[in-house]
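> dropping a prediction and its sequence here:
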Amino acid sequence: MIDHDTYPELERGTVAADEMSLRPQNNYVNVLVLRELQSHAVFTTNGQDADLANVAVGDGDERDGYSPGLMFMRKQTGSDRRFGKALQRDLDLFDEDEDECTMQVNEMCQDCPECVLYGSAASNDGDAVSITSRVVYDTAYTLRDATVVVDEKFQNAPGGDYAKTAEATIREPDFFEPGTLFPCVVTLRDATPTELAFVLAITRQNKRYGAATSRLGRTKNHVLGVYAGSEEGPANLELTRDAIVGLRDSEETDYETLRDVTGAENIDPELVGELVRESFQQRIETDGLALDRVSPDTVSSVIDTATSDAFGEALADQRESSRAFLDAAGE
Ligand SMILES: [Zn+2]
């Protein structure tokens with residue numbers, strides 16, 4: 001069982017399945033993740049250009065700026081939701097004669113743990129409610145500049161001429177390079193221990209983000225830590241900035257300036273993971289955040305259960321609690 005009896009540490013930050021309430025409370029679990037691209041990936045909103053920002057990093061005289069590539073919130077939620085719904089099917093959550101849940105807006109079933117946790121719009125038939133998501137994602141930033149993490153690929157149009165006009169060059173979408181890292185926090189509010197386990201299972205097992213072709217967007221999600229308490233943790237941008245400064249200052253690297261870091265050809269994911277975790281812990285202390293790290297033993301035990309076939313039963317139990325929670329909205 002994934003509940004407070006088995007994991008007393010989760011009494012902070014989660015609610016018991018039979019105490020799910022429509023009235024928001026301040027129970028938060030922050031899952032700290034480092035997303036590492038293992039193949040080229042496409043993250044774009046206009047179908048062509050990588051999404052970029054301009055960000056200041058460092059303090060005082062050492063202050064500098066760079067242009068990170070972005071992984072927008074919905075690039076993460078879209079992929080995780082699709083994976084979560086598939087996971088429910090794999091774990092036989094639905095009866096044989098039952099319609100399985102879909103990704104179609106306004107046609108989600110509103111009757112599965114995924115819909116109730118991630119939220120869904122009212123359906124077209126009119127009488128259903130809208131469910132507010134209790135999982136919050138945040139736009140993620142690369143640690144390095146777009147000039148090194150984004151590759152603009154041009155494909156020459158067929159034709160025999162040595163000289164080509166501009167129109168003859170077909171622009172492919174921008175690709176993020178393998179090895180690109182995105183520090184991310186996924187925050188659950190008023191979730192049950194089983195819902196947390198569900199998000200951890202998705203995070204650990206989902207390996208595709210961005211454009212939905214099989215050879216692109218391969219991603220490894222490193223779960224760096226889980227922090228529970230009564231508030232949200234630091235933003236992705238703060239963690240990313242801290243990690244850049246940390247890389248410059250680390251004895252394990254020979255970067256001298258922030259620009260050496262943001263312009264580096266490659267970067268060590270393990271060291272970045274450590275620095276992001278240090279940053280999260282440091283910000284809990286300096287900002288006085290009411291959050292505690294859940295012990296790594298508890299986290300790996302929850303992940304082991306959540307990624308096993310036995311999780312199907314826990315998810316079926318969660319479905320009953322989610323139904324009761326939703327029924328209360330209709331009263
Ligand atoms: Zn559903």
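Thanks, I have it. Numbering: from 1, shown residues only.
> can you give me phi and psi for the residue lying closest to residue 67 once chain neighbours are set aside?
Using CB to CB, 6 or more residues apart in numbering and skipping residues adjacent in sequence, the residue nearest residue 67 is residue 146, 4.7 Å away. Bear in mind the C-beta positions are built from the backbone N, C-alpha and C, glycine included. With angles defined as degrees, to the nearest 10, residue 146 shows backbone torsions of phi -60, psi -30.
> which residues touch residue 146?
50, 52, 67, 68, 69 (CB atoms under 8 Å, 6 or more residues apart in numbering).
> roughly how far does it sit from residue 247?
18 Å (CB to CB, to the nearest Å).
> contact residues of this structure facing the ion?
Residues of the chain lying close to the ion by CB under 5 Å from the ion are 101, 108, 109, 112, 115.
> mind checking which of those residues are in helices?
Among the residues of the chain next to the ion, the ones falling in helices (DSSP state H) are residue 115.
> any chance of the residues of the chain next to the ion in CSV, with neighbour count and pLDDT too?
Shown next, in CSV, are the residues of the chain next to the ion (neighbours: other CB atoms under 10 Å; pLDDT from 0 to 100):
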residue, neighbour count, pLDDT
101, 24, 90
108, 22, 90
109, 19, 90
112, 25, 95
115, 21, 95
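> ok, so of the residues of the chain next to the ion, who is nearest residue 45?
Of all the residues of the chain next to the ion, residue 45 sits closest to residue 108, with 23.0 Å by CB to CB.
> ok, back up a step: so of the residues of the chain next to the ion, which ones are in strands?
Per DSSP state E, strands hold no members of these.
> just name the closest of the residues of the chain next to the ion to residue 178, please.
Set against residue 178, the nearest of those by CB to CB is residue 101 (32.5 Å).
> for the nearest residue to the closest one once chain neighbours are set aside, give me its contacts.
In this structure, residue 101 finds its nearest non-sequential neighbour in residue 109, 4.2 Å apart by CB to CB, 6+ apart. Going by CB under 8 Å, 6+ apart, residue 109 touches 99, 100, 101, 102, 115.
> residue contacts, the last one?
Taking CB under 8 Å, 6+ apart as the contact definition, residue 115 lies against 101, 108, 109, 131.
> now do the helices in the stretch 101-250 of the chain.
For the stretch 101-250 of the chain, the helices defined by DSSP state H, counting those that start in this stretch occupy 113-118, 146-149, 193-205, 236-249.
> so what's the gap between the third one and the chain middle?
Okay, so that is helix 193-205. Helix 193-205 sits 11 Å away from the centroid of its parent chain (CA atoms, centre = their mean, to the nearest Å).
> what helices and strands are in contact with it?
Counting by 3 or more CB pairs under 8 Å, 6 or more residues apart in numbering; DSSP states H and E, the packing neighbours recorded for helix 193-205 are strand 28-37, helix 73-90, helix 113-118, strand 181-189, strand 219-229, helix 296-306, helix 311-329.
> so which residues make contact with that helix?
The contact list for helix 193-205 (CB under 8 Å, 6+ apart) reads 2-4, 7, 10, 14, 16-17, 29, 31, 33, 80, 83-84, 87, 113-114, 117, 134-135, 186, 188, 191, 221, 223, 226, 299, 302-303, 305-307, 311, 314-315, 317-318.
> fine by me, we can end here.
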